[in-house]
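sequence-free structure coming up:
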């Protein structure tokens, strides 16, 4: 018997005694106030459950969300949650001049019954810590993702074409640049690098990649140098290769690819490379302006502007 049940049954005994011998005698006999005995007698309906403590939570709070704010949350949840999750809902609300905190929004949404589906529990993984990068461009991770075959339609599907997404992400600000190519080659990596240098408003000092042949010939030739390495050397950019079979060293770009799958490829289809790049451009703008909790509820663009102002 837990404490709450025990206390309720004790009160039931007091009430029964008072009904036989009077409330005043019950108060003296059990050492409780007369007002308490009267209150319990009034609440008693024949069951001990009626004498349990009532909830102490107030029915309202002066800082509770207003009906107008709750309506905004409902609309944003319906519009954005399925595709973009809680972060997308919060970003949409900020556009509507919503000033509450992220956690306050989630609490209010769950109180209104706008809950997410329960996720299967994952085993705890070892947390790997790496030195924090504080300067934009100090290290940029680059990787390639093959566009899922089920995203192809029309001419691309008929001709059995393959598209590849090159992705670069700045470790400091999480600012990204993406572009699609049809061939998985070092020459396309060089083209992507030139586009990346124009897109990022800061100097790139180090580029980190895996050991794929689109980035290096380290494991396939002792004499031939990869075109990507030649260009990096000419531009005085350091090329850092992660150890083989350790994708977590490129964790930020790998995570961004998982987000691309969730927020983009699970929803879009493409009939040509031009259409892919056109839609990727809009997705890139969204992702660079998406509020991220890991950045202190700032977007990569906002953090980059702060960093550039400090360094100016």
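Cool, the structure landed. Fair warning: this is a prediction, and the values are worked out from it, not measured in the lab.

Return the distance of stretch 80-99 from the chain's centre.
12 Å (CA atoms, centre = their mean, to the nearest Å).

before we move on, what about stretch 280-299?
Per CA atoms, centre = their mean, the centroid offset for stretch 280-299 relative to its chain is 10 Å.

Flag every buried residue along that stretch.
Applying a neighbour-count criterion of 16 or more other CB atoms under 10 Å, one finds 280, 283, 284, 287, 288, 290, 291, 292, 298, 299 buried in stretch 280-299. The C-beta positions use only the backbone N, C-alpha and C, and glycine is treated the same way.

got it, and stretch 147-160?
147, 151, 152, 156.

Those residues in helices, which ones?
Counting by DSSP state H, these place residue 156 in helices.

Dump the buried residues of stretch 147-160 into CSV; add pLDDT and distance to residue 31 as well.
Output for the buried residues of stretch 147-160, formatted as CSV (pLDDT from 0 to 100; distance: CB to CB, whole Å):
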residue, pLDDT, distance to residue 31
147, 96, 77
151, 95, 75
152, 95, 80
156, 92, 84
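
I'd like the next helix or strand past the helix or strand containing residue 85.
Counting by DSSP states H and E, the element that carries residue 85 is helix 67-95. Using DSSP H and E, the helix or strand that follows helix 67-95 towards the C-terminus is helix 102-111.

and that next one, what's its mean pLDDT?
Mean pLDDT, helix 102-111: 92.

Could you shift the numbering so residue one becomes 575, and keep it that way?
Noted, 575 is the first residue going forward, which turns the last one into helix 676-685.

out of the buried residues of stretch 721-734, which one sits closest to residue 772?
Closest approach to residue 772 among the buried residues of stretch 721-734 (CB to CB): residue 721, at 23.3 Å.

tally of neighbours for the nearest residue to the closest one once chain neighbours are set aside?
Nearest in space to residue 721, with sequence neighbours left out and distances taken as CB to CB, 6 or more residues apart in numbering, is residue 737 at 4.0 Å. Residue neighbour count, defined by other CB atoms under 10 Å, stands at 24 for residue 737.

Was I right to think residue 737 contacts residue 756?
Yes. Residue 737 lies in contact with residue 756 (CB atoms under 8 Å); the separation is 6.1 Å.

rewinding a little: for the residue nearest to residue 721, give me its contacts.
Counting by CB atoms under 8 Å, 6 or more residues apart in numbering, residue 737 makes contact with 720, 721, 726, 730, 754, 755, 756, 844, 847, 850.

The same query, at a cut-off of 10 Å, please.
Contact analysis of residue 737 by CB atoms under 10 Å, 6 or more residues apart in numbering lists 719-723, 725-726, 730, 754-758, 844, 846-847, 849-851, 854.

likewise residue 723?
730, 731, 734, 735, 736, 737.

ditto for residue 652
Taking CB under 10 Å, 6+ apart, one finds 663, 688 in contact with residue 652.

distance of it from residue 646?
Separation of residue 652 from residue 646 (CB to CB, to the nearest Å) stands at 11 Å.

tell me, what's touching the two both at once?
residue 663.

which regions of the stretch 675-824 of the chain sit below the pLDDT cut-off?
690-704 (pLDDT under 70).

picking that back up, identify the contacts common to residue 737 and residue 756.
Joint contacts of residue 737 and residue 756 (CB under 10 Å, 6+ apart) are 721, 730, 846, 847, 850.

re the thing from before, in the helix holding residue 659, what counts as buried?
For helix 641-669, by 16+ other CB under 10 Å, it's 643-644, 646-647, 650-651, 654-655, 658, 660-668.

With stretch 768-775 instead?
Buried-residue list, stretch 768-775, by 16+ other CB under 10 Å: 770, 774.

Just give the nearest non-adjacent residue to residue 873, would you?
Nearest to residue 873 is residue 863, by CB to CB, 6+ apart, at 4.9 Å.

Report the two of the shared contacts of residue 737 and residue 756 separated the most.
Maximum distance among the shared contacts of residue 737 and residue 756 (CB to CB): 11.8 Å, for 721 and 846.

what sits in contact with each of the two?
Joint contacts of residue 721 and residue 846 (CB under 10 Å, 6+ apart) are 730, 735, 737, 756.

Could you list which residues are in contact with the residue positioned nearest the centre of the chain?
Closest to where the C-alpha atoms of the chain average out (CA atoms, centre = their mean) is residue 661, at 5.9 Å. Listed by CB under 10 Å, 6+ apart, the contact partners of residue 661 are 654, 655, 676, 833, 837, 864, 865, 866, 867, 871.

separation between the nearest residue to the third one once chain neighbours are set aside and residue 675?
Right, residue 676. Leaving out its chain neighbours, the residue that sits closest to residue 676 by CB to CB, 6+ apart is residue 664, at 5.3 Å. Separation of residue 664 from residue 675 (CB to CB) stands at 9 Å.
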